[in-house]
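# have a look at this prediction, sequence included:
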Amino acid sequence: MILAGILIACALLTVGFRSQFLIEVPNGFPMAESLRAGNDIVTLIQTLEPYVPSLHRNPENDQYAVALFVSPSDGSSRGNMIPIGKGFRSSELRLARVLGFDGSTVWSLLSRLEGVDPKTGRRVDAADLRAANPMLDETWEDPRRLTFDSRLHVATADYQRLFEVDPKTLKASPIVMEREVAKRPLSTRLENLMSVDARPSPTRWLALLSSKEAELHYKPKSWLQPNTRAENAKVMRRMYVGQLGPELAKGKRENRGITALTSDEYFNAAFIRSSPEAQPIRLSSPDGFLMAYTASSAYAATVMVARVTVEGQVIWKADTGLHRFLLKQILSDEAFPAFVGTSPPVPDKVSEPMLVIINTQTGNVLATSLWQ
């Protein structure tokens, strides 16, 4: 009994000693790109678990907790964290990403497949998928065979068959194999969401151009390509209006001449669109578009967003507060577009990752830290 008492006392002293010197990290940080999930925006957050400092500490032995940060896409609240798991090594999280949202579940790849219902917090994993598909000889653990295209897909080991998971029942059904699914990029380049022009009517054409761009590339009788991507350039641009002629082929239209619609200029301006193939986001009441530009030519300048009418009138301007060259994502939307990036650098401080949501009716901005 005396020996047992001594052992218990030593154990308590050890625990007390460790807890006294335990280092706790107050916030986690984003580990992959954010994603729209219905009426929410979700982000994977990893947080370093508490540890005892040592002279020869090996960061490879650190362990991380992972959670899903769920923020309402209308900015109505600051969001909440849904725990996913603990004890992950950094090497297990290097390729972590959110696969997609199927209407019920946000599917993510960590060191294993993880699913979370952003509304209820209910978790789904490989064991649940195996239980729902007892006749399918599938481990659900090979990330090379998991893809997403509005629903979760898994290919067989020989890549000859493809199964699609039903969001409600988790049952996997065979579908036609689409090899191009695996070739889709994991993310969309920001430049591909910036458009030179917008077409408010079949014959009317708007463009954000510098004087040099207008003179060199948009002369009368030239042919206009559809969905022209705006180049990242250190130039001041203004809005031009022009008339479109007949269609030649594949959406090409004749340019019958353009004139400056306004004298107002904006640094590196472009229209925002929802995808590389889409037309710029179209707003109504009043009819118009969203324009992104940089506040100034300074390196630490922030990203500005403005709502403009088809006549070139600016309804509102909003400063995202995000560093232009550290902007990582644009999550386009007609009502509440979101922007992910970091704030401009401050001496002796680490730039804070932010999620910024803008109300397109009012121009109001809600900024939420992604240090969670």
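Yep, it's here. Residues are numbered from 1 along each chain as shown.
# so where's the protein shaky on pLDDT?
Scanning the chain with the threshold set as pLDDT under 70 gives 1-21, 178-187.
# hey, where'd the helices end up in it?
If DSSP state H is used as the criterion, the helices of the chain fall at 2-21, 126-132, 211-217.
# which residues are contacting the last one?
Just to be clear, that refers to helix 211-217. 207, 235, 237, 240, 258, 260 (CB atoms under 8 Å, 6 or more residues apart in numbering). All C-beta atoms are positioned from the backbone trio N, CA, C, and that covers glycine.
# again, only using 6 Å
Where contact means CB atoms under 6 Å, 6 or more residues apart in numbering, no residue beyond helix 211-217 reaches it.
# buried residues in it?
213-214 (16 or more other CB atoms under 10 Å).
# what comes up buried for stretch 246-260?
Using 16+ other CB under 10 Å as the test for burial, stretch 246-260 gives 253, 255, 258.
# residues touching the first one, list them.
Read it as R253. 224, 244, 247.
# doesn't G257 make contact with the first one?
By that I understand L224. No: contact criterion CB atoms under 6 Å: L224 and G257 do not qualify, at 11.8 Å.
# which residue packs closest to S195, ignoring adjacent ones?
Nearest residue to S195 in three dimensions, chain neighbours excluded: F271, at 4.4 Å (CB to CB, 6 or more residues apart in numbering).
# would you check that that neighbour makes contact with P280?
Yes: using CB under 6 Å, F271 is in contact with P280, at 3.8 Å.
# shared neighbours of those two, anything?
195, 198, 289.
# please report how far the second one lies from I45.
When you say that, I think you mean A198. Using CB to CB, to the nearest Å, A198 is found at 36 Å from I45.
# again with K250
44 Å.
# given the longest strand seen in the chain, what are its sheet partners and their directions?
What stands out as the longest strand in the chain, according to DSSP state E, is strand 236-247. If you go by DSSP bridges, strand 236-247 pairs up with strand 204-209 (antiparallel), strand 253-260 (antiparallel), strand 266-272 (antiparallel).
# which among those strands is found nearest to I175?
Nearest to I175 among these is strand 266-272 (33.4 Å), distances taken as CB to CB.
# ok, the contacts of R253 vs V340, which is closest?
L224 (31.8 Å).
# tell me the bridge partners for the closest one.
R253.
# count of neighbours near it?
23 (other CB atoms under 10 Å).
# one more: R273?
When neighbours are counted by other CB under 10 Å, R273 comes out with 24.
# I'd say it and V196 touch.
No: taking contacts as CB under 6 Å, R273 lies outside contact range of V196: 10.7 Å.
# for P353, which non-adjacent residue is closest in space?
P353's closest residue in space is L370 (CB to CB, 6+ apart), at 4.0 Å.
# please disregard the earlier target; I meant K86.
A65 (4.5 Å).
# residues contacting that neighbour?
Contacts of A65 (CB under 6 Å, 6+ apart): 47, 49, 86.
# outline the domain layout of this structure.
For the chain, automatic domain parsing gives the domain ranges 23-183, 190-324.
# want to try CSV for these, with distance to K349 as columns?
Shown next, in CSV, are the domains of the chain (distance: least, CB to CB, whole Å):
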stretch, distance to K349
domain 23-183, 14
domain 190-324, 13
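# return the distance of T43 relative to K86.
18 Å.
# same check, this time on G257
64 Å.
# then R161?
The spacing between R161 and K86, counted by CB to CB, is 35 Å.
# same check on R78?
On the measure of CB to CB, R78 and K86 end up 23 Å apart.
# contacts only, for the closest residue to L206 other than its chain neighbours.
Nearest non-adjacent residue to L206, counting by CB to CB, 6+ apart: A198, 4.8 Å away. If a contact means CB under 6 Å, 6+ apart, then A198 has 206, 271, 280, 289 as its contacts.
# could I get the residues you listed as TSV with distance to K212 and neighbour count?
Formatted as TSV, the contacts of A198 follow (distance: CB to CB, whole Å; neighbours: other CB atoms under 10 Å):
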residue	distance to K212	neighbour count
L206	18	24
F271	19	24
P280	22	26
F289	23	23
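# and S222, how many neighbours does it have?
12.
# got a list of what the nearest residue to it once chain neighbours are set aside touches?
Nearest residue to S222, sequence neighbours excluded (CB to CB, 6+ apart): N255, at 4.8 Å. Residues near N255 by CB under 6 Å, 6+ apart: 218, 222, 224, 242.
# pick out the most distant pair among these.
S222 and G242 (10.2 Å).
# is T262 in contact with M239, as I believe?
Yes: at 5.5 Å, T262 and M239 qualify as touching, with contact defined as CB under 6 Å.
# more neighbours, those two?
Neighbour count, other CB under 10 Å: between T262 and M239, M239 has more, with 27 against 14.
# wait, that one sits on G312?
Yes: at 4.6 Å, M239 and G312 qualify as touching, with contact defined as CB under 6 Å.
# joint contacts of those two?
What both M239 and G312 touch, as defined by CB under 6 Å, 6+ apart, is the set 261-262.
# quick one: F271 from T47, how far?
38 Å.
# S104 too?
Computed as CB to CB, the S104 to T47 distance reads 26 Å.
# okay, now the closest residue to T302 other than its chain neighbours: neighbour count?
Closest residue in space to T302, ignoring its immediate chain neighbours: A295 at 4.9 Å, by CB to CB, 6+ apart. As a burial measure, A295 scores 17 neighbours (other CB under 10 Å).
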